[in-house]
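[1] I would like the atomic coordinates for the input below:
(4 chains)
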Number of protein chains: 2
Amino acid sequence: MSIDHDTPRPALMIRLLNVAFDDFCDDLERRVADTPYSDIRVAHGCVFGNIDPEGTRLTELAARARMTKQSVGEVTSDLEQRGYVERVPDPSDGRAKIIRLTERGRAAQALGLGLIDEIEQEWAERFGAERVTALREALEAITGERSVIVTA
Amino acid sequence: MSIDHDTPRPALMIRLLNVAFDDFCDDLERRVADTPYSDIRVAHGCVFGNIDPEGTRLTELAARARMTKQSVGEVTSDLEQRGYVERVPDPSDGRAKIIRLTERGRAAQALGLGLIDEIEQEWAERFGAERVTALREALEAITGERSVIVTA
DNA sequence: TAAACTAGTCAGGCAACCTTGTAAGGCTTC
DNA sequence: GAAGCCTTACAAGGTTGCCTGACTAGTTTA
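    Residues are numbered from 1 along each chain as shown, chains lettered A, B, ... in the order given. The predicted structure is shown next:
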């Protein structure tokens, strides 16, 4: 098996996805660094991006984030220590704890989600709104992630 | 600052990109595992995906992969040990070495690139060709990665 | 009320990156 | 043609962000 090296090859899809995601993360990181919450890293997103307003259990967070409980637990401890979340016992189950945003955590979350939307907005301005809409539509179809229903 | 929790929120763009990329990697990993090159991991792609047919210097590979020379050097050593690439001295520069695919490496590369295209193809069948075309078009525009010109 | 299950934590590990430092070969400039 | 600076690669060691496995404590089921 060999490859034709004379015809220019379209970029590999895996690379396109990788670069796009990477660029997004870098951009987000830079923006977060310019806020009062500069100690937050992209990895913290597994909590901020999946937690319900009334709080969420670790197991549930992990499932949503597609990560292990241990990993999310670590991130949670870090956020707890920094004052962004707190663990309170779940009244309905003695084993469980509810992870809940603190006031500071809520502010940071709102700001972070805003920055994420801001970047998408800027992509639309720079590269065309239809293009970014099509991107979103395709990604939603492929990943099966339509919308996050966060009900209070 | 606070968030409206009653209106369902569209999925975050960063999550869409993350999940899509992750799914792609997982799929690729599974497919590679069913080939004679099952010892290849996605991280090896920084070499396979950026190397020229006549070979490429470490520094150049690192630049294309957007990684440090050290990281790519590690991956290269690993691939070298497994017999996929070899380091030969660059005749035009005594300091440099050219990283070149072995016969086995070329076969693995061809197979891997084929699998990547195969996944994109299947996405097109499952989710609609126009959708995947639009996805590719948008990603190319956003990342600035139009095509890989690999000339022999 | 014992067995089976579930929630969370602790301990340990590993891949994939990074930074810093060193050595050797090349280019430049006087 | 030697001094000084850049470039190429490598070596050592560290960090991040995940993972698996083993365990404790509480809950549900038979």
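[2] give me the below-cutoff pLDDT ranges for chain A.
    A:1-7, A:148-152 (pLDDT under 70).
[3] how about the residue most central in space within it, what does it touch?
    For chain A, the residue nearest the mean C-alpha position is residue A:45 (4.3 Å; Cα atoms, centre = their mean). By Cβ atoms under 8 Å, 6 or more residues apart in numbering or on different chains, residue A:45 lies in contact with A:112, B:14. C-betas here are computed from N, CA, C, even on glycine.
[4] quick check: the closest residue to DNA strand D within chain A vs residue B:13, distance?
    Nearest to DNA strand D, among the residues of chain A, is residue A:94, at 2.5 Å (Cβ to the nearest atom of the strand). For residue A:94, the distance to residue B:13 (Cβ to Cβ, to the nearest Å) stands at 39 Å.
[5] between those two, which one's more packed in?
    residue B:13 (21 against 8; other Cβ atoms under 10 Å in any protein chain shown).
[6] backbone dihedrals for residue A:91, please?
    phi -60, psi -20 (degrees, to the nearest 10).
[7] burial measure for it, as a count.
    8.
[8] ok, the one 5 residues further on next?
    A count of neighbours around residue A:96, defined by other Cβ under 10 Å, yields 15.
[9] hang on, it packs against residue A:90?
    Yes. The pair formed by residue A:96 and residue A:90 meets the contact definition of Cβ atoms under 8 Å, at 3.9 Å.
[10] mutual contacts of those two, please.
    Between them, residue A:96 and residue A:90 share these contacting residues under Cβ under 8 Å, 6+ apart: residue A:57.
[11] how about the secondary structure of residue A:95?
    The local conformation at residue A:95, judged by DSSP: H, G, I helix; E, B strand; the rest coil, is coil.
[12] check the gap between it and residue A:79 for me.
    Residue A:95 is 21 Å from residue A:79, where distance means Cβ to Cβ.
[13] more neighbours: which of the two?
    The neighbour comparison of residue A:95 against residue A:79 (other Cβ under 10 Å) goes to residue A:79, with 24 against 8.
[14] what packs against the helix or strand where the more buried one lies?
    Assigned by DSSP states H and E, residue A:79 belongs to helix A:69-81. Under the contact criterion of 3 or more Cβ pairs under 8 Å, 6 or more residues apart in numbering or on different chains; DSSP states H and E, the helices and strands touching helix A:69-81 comprise helix A:45-48, helix A:58-65, strand A:85-89.
[15] run the angle between that helix and strand A:85-89 for me.
    Put simply, helix A:69-81 runs at 110 degrees to strand A:85-89, going by axes from the mean of the first three to the mean of the last three Cα atoms, to 10 degrees.
[16] neighbouring contacts of helix A:69-81?
    In contact with helix A:69-81 (Cβ under 8 Å, 6+ apart) are residues A:43-44, A:46-47, A:58-59, A:61-62, A:65, A:85-87, A:99, A:105.
[17] distance from the chain centre to it, please.
    Relative to the centre of its chain, helix A:69-81 is centred 15 Å away, using Cα atoms, centre = their mean, to the nearest Å.
[18] buried stuff in the longest helix seen in chain A?
    Secondary structure of chain A per DSSP state H: the longest helix is helix A:103-127. Of all the residues in helix A:103-127, those buried under the rule 16 or more other Cβ atoms under 10 Å in any protein chain shown are A:105-109, A:111-113, A:115-116, A:119-120, A:123-124, A:127.
[19] which residues touch it?
    A:24, A:27-28, A:31-32, A:35, A:37, A:40, A:45, A:48-49, A:51, A:79, A:83-85, A:101, A:131-133, A:136, B:1-3, B:12-14, B:138, B:141-142.
[20] switch the cut-off to 6 Å
    The contact list for helix A:103-127, computed with Cβ atoms under 6 Å, 6 or more residues apart in numbering or on different chains, reads A:27, A:31, A:35, A:37, A:48, A:83-85, A:132, B:1, B:3, B:12-14, B:141-142.
[21] show me what from chain A comes close to chain B.
    A:1, A:3, A:5, A:8-14, A:16-21, A:24, A:53, A:107, A:110, A:116, A:120, A:127, A:131, A:134-135, A:138-139, A:141-143, A:145, A:147-150, A:152 (Cβ under 6 Å from any Cβ of the partner chain).
[22] from the contacts of helix A:69-81, which are also near DNA strand D?
    A:43, A:46 (Cβ under 7 Å from any atom of the strand).
[23] quick one: which of the contacts of helix A:69-81 has the most company?
    Neighbour counts for the contacts of helix A:69-81 peak at residue A:85, which has 28 neighbours (criterion: other Cβ under 10 Å).
[24] hmm, it is touching residue A:99, no?
    Yes. With contacts counted by Cβ atoms under 6 Å, residue A:85 reaches residue A:99, the gap being 5.5 Å.
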